[in-house]
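K.L.:
Pasted the sequence and its predicted model underneath.
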Amino acid sequence: MQKKKEYQLVVPLEDIENDNNDKNFKPHSFLMSWIRQNYVLLIITANIMIVFVLFIHPLRPSSTSNTQIHDFSNPVFEVQEGFPLVDIPKKENEAVLTTSPKQATTPILPNIPWSGCVTELPNPDNRVHIVPPPKGPITLVCCNTTKGPLSIEVHLAWAPLGAERFLYMVKDQFFSTNVPLFRALKGFLVQFGISGDPKVHKKYMKLGHLKDDPQWLPPGPPGREINGVTRYQKGYMSYAGAGKNSRDTQLIMAFANNKFLGGGSPWEVPWGQVVGDVSFQTMSKIYTGYGEKPSQGKIMNRGADYIKEEFPLIDFMNACMIVREDLSDEE
């Protein structure tokens, strides 16, 4: 932060001498004289303070934020249920959406431009869940990142509102705006979903926040592990949030099985999962060296340029496309 200039009170020597020789000298007269001589400087200073209070200060990350910081490189860390993941909270009295805006369906590309994308559902016998998830329609999506492709099963029955919002973002080409994988924590998760284009970010913020979907994972400490199976599985995807009905565009993807996620935070309802060996190889290559350092507020205001200038090793998601919409896990 640029150091503020310190202004010293400078009074001409002759003024002081005249005042001292004046038997009728009054302190308040000297103050008024100084104000008259420096009123331009005072007006400029007042305007700078107003601009700082109204525009600059609200964008700075708060030092009193509820966001906890953990050393995720330490294998003994614990993340409690209810761990907030978004710095900017939902505005008071803001309307909560129960659906995403209507959008013309983007045509499914006939040829997948990236090798390694999954086109068929993997064998369900190879999947592990702590409890049976809801069954229903499945959409296959493939996203391209700077480390390779990520294939994602989007389960509309797991979290209808969350899944619908993600698919809307895919069809609207949100992920083609250089979305940084800005909060990558080794052995824990990667958080992303702020557009690399500030104009697109502002557009999506006008859509409002989503109402929470019902949680299908078992809650609280009893649901952390059942019969040796961890609650939040590696590759699960859900939203980041900071309270009830706070989901917007920010997402999380689990780098490893985690018993704490999904147990108390209403936004951590899985709506999809990463599938395919190539996708898990991509996950393992995502850069995690910066940890918590990137500022969400600065990404929102400066976009991808901020990340490229100050965190050049961070990876990006640069496109997503729908591969198939005709799938289901219903018998």
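P.N.:
Arrived safely.
K.L.:
Specify the residue ranges that define each domain of the chain.
P.N.:
Split into domains by automatic domain parsing, the chain comes to 13-54, 68-328.
K.L.:
Now the weakest link among those, please, by mean pLDDT.
P.N.:
Ranked by mean pLDDT, those end with domain 13-54 in last place, scoring a mean of 61.
K.L.:
ranking the domains of the chain by burial, who's on top?
P.N.:
Most buried of the domains of the chain, by mean neighbour count (mean count of other Cβ atoms under 10 Å): domain 68-328, with a mean of 18. In this view, the C-beta of every residue, glycine as well, is placed from N, C-alpha and C.
K.L.:
Next up, the contacts around the residue nearest to Pro198 when sequence neighbours are not counted.
P.N.:
In this structure, Pro198 finds its nearest non-sequential neighbour in Gly303, 4.8 Å apart by Cβ to Cβ, 6 or more residues apart in numbering. By Cβ atoms under 8 Å, 6 or more residues apart in numbering, the contact set of Gly303 is Asn178, Ser195, Gly196, Asp197, Pro198, His201.
K.L.:
swap the cut-off to 7 Å and go again
P.N.:
Gly196, Asp197, Pro198 (Cβ atoms under 7 Å, 6 or more residues apart in numbering).
K.L.:
do Ile152 as well
P.N.:
Counting by Cβ under 7 Å, 6+ apart, Ile152 has contacts Val141, Cys143, Met237, Gly272, Val274.
K.L.:
now, among these, which is nearest to Asn257?
P.N.:
Val274 (12.9 Å; Cβ to Cβ).
K.L.:
which SSE is the closest one in?
P.N.:
strand 272-275 (DSSP states H and E).
K.L.:
Against which helices or strands is that strand packed?
P.N.:
The contact analysis (3 or more Cβ pairs under 7 Å, 6 or more residues apart in numbering; DSSP states H and E) places strand 272-275 against strand 148-155, strand 236-239.
K.L.:
Also compute the angle for the helix or strand containing Leu167 relative to strand 148-155, please.
P.N.:
Leu167 belongs to helix 160-171 when elements are defined using DSSP H and E. Angle between the axes of helix 160-171 and strand 148-155 is 140 degrees (criterion: axes from the mean of the first three to the mean of the last three Cα atoms, to 10 degrees).
K.L.:
Just the CA coordinates for helix 160-171, please, in CSV.
P.N.:
The C-alpha coordinates for helix 160-171 follow below in CSV (Å, rounded to 0.1, in the frame of the first residue of the first chain):
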residue,chain,number,x,y,z
PRO,A,160,-31.1,-29.5,-9.0
LEU,A,161,-30.5,-25.8,-8.5
GLY,A,162,-26.7,-26.0,-8.3
ALA,A,163,-26.5,-28.4,-11.3
GLU,A,164,-28.7,-26.1,-13.4
ARG,A,165,-26.7,-23.0,-12.6
PHE,A,166,-23.4,-24.8,-13.6
LEU,A,167,-24.9,-26.0,-16.9
TYR,A,168,-26.2,-22.4,-17.5
MET,A,169,-22.6,-21.2,-17.0
VAL,A,170,-21.3,-23.8,-19.4
LYS,A,171,-23.8,-23.0,-22.1
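K.L.:
Spatially central residue for this structure, please.
P.N.:
Gln250 (4.3 Å; Cα atoms, centre = their mean).
K.L.:
Hmm, Ser195 and that residue touching each other?
P.N.:
No. Counting by Cβ atoms under 7 Å, Gln250 does not reach Ser195; the two are 10.5 Å apart.
K.L.:
where do the strands sit along this structure?
P.N.:
For the chain, the strands defined by DSSP state E occupy 96-97, 137-145, 148-155, 179-180, 183-185, 189-192, 209-210, 225-226, 229-230, 236-239, 251-254, 272-275, 316-328.
K.L.:
For Pro149, which residues count as its bridge partners?
P.N.:
Beta-bridge partners of Pro149, counted by DSSP bridges, are Asn144.
K.L.:
OK, contacts around it?
P.N.:
Trp114, Gly116, Cys117, Cys142, Cys143, Val278, Ser279, Thr282.
K.L.:
And the last one, how close does it get to Ile299?
P.N.:
Same thing as Thr282. 22 Å (Cβ to Cβ, to the nearest Å).
K.L.:
And for the second one?
P.N.:
From Gly116 over to Ile299 the distance is 28 Å, taken as Cβ to Cβ.
K.L.:
if we can go back for a sec, just give me the closest of the contacts of Ile152 to Val323.
P.N.:
Val141 (6.5 Å).
K.L.:
Help me confirm that that closest one comes into contact with Val154.
P.N.:
Yes. At 5.7 Å, Val141 and Val154 qualify as touching, with contact defined as Cβ under 7 Å.
K.L.:
Quick check: Trp271 touching Pro160?
P.N.:
No. Applying Cβ under 7 Å, one finds Trp271 not in contact with Pro160, separated by 8.3 Å.
K.L.:
joint contacts of the two?
P.N.:
Counting by Cβ under 7 Å, 6+ apart, nothing touches both Trp271 and Pro160.
K.L.:
My guess is Thr282 contacts Lys147. True?
P.N.:
Yes. Using Cβ under 7 Å, Thr282 makes contact with Lys147 at a distance of 5.1 Å.
K.L.:
What is the distance between stretch 235-248 and the centre of its chain?
P.N.:
9 Å (Cα atoms, centre = their mean, to the nearest Å).
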